[in-house]
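**Q** Could you look at this predicted model? Sequence included:
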Amino acid sequence: MKSLSIRNLIEKAVSLQFSRYLMVGITAWVIDFAVFVVCHSIVGIVWAQTAARVSGALVAFAGHKVFVYKNRNFARHALGKQFLSYLLLWVFSYLLSIGCIILFIDVLGLEPVAAKLVTEIILVGINYITMKRLIFLS
């Protein structure tokens, strides 16, 4: 019986953590998406995506660290390591997003906004697992 209650607590914690991840992600994504929509016809897809990703990433790093993964280690070394890891994930995610958006537009004939939506759905899972297992270690 005791192991069952521990299991339930773990399931609730994971569920709560993923819910928080989605809340932070949605907030960052709304900022990211709004910047992309406003900018893509003005500066082009690559620059719009760059501006969108930078805007969303700044909001997301703080939210993921503190609100999602409850990481309160603000020691200079730990924060620097986390930020560098987050930056590397961001660069990987950014490059993958550009590639996917262009692929979905050129190969599948999607409109830029639709291509952006499909790409972001794919990246949610990749980024959650990477942050949980490698960056914020919770």
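**A** Right, received. Where do you want to start?
**Q** quick one, phi/psi of Gly109?
**A** The phi/psi pair for Gly109 (degrees, to the nearest 10) reads phi 70, psi 20.
**Q** residue contacts, it?
**A** Applying Cβ atoms under 8 Å, 6 or more residues apart in numbering to Gly109 gives no contacts. From N, CA and C alone the C-beta is placed, and that goes for glycine too.
**Q** 10 Å - rerun?
**A** The contact partners of Gly109, by Cβ atoms under 10 Å, 6 or more residues apart in numbering, come to Ala115.
**Q** Quick check, pLDDT for it.
**A** Gly109 is assigned 96 on the pLDDT scale.
**Q** any idea how far it is from Leu95?
**A** Counting by Cβ to Cβ, to the nearest Å, the separation of Gly109 from Leu95 is 22 Å.
**Q** swap in Val30?
**A** 22 Å.
**Q** now swap in Gln82 and tell me
**A** Gln82 is 21 Å from Leu95, where distance means Cβ to Cβ.
**Q** Next: Val113.
**A** In terms of Cβ to Cβ, Val113 sits 20 Å off from Leu95.
**Q** so where do the helices sit in the protein?
**A** Here the chain has its helices, by DSSP state H, at 2-43, 45-63, 76-106, 112-130.
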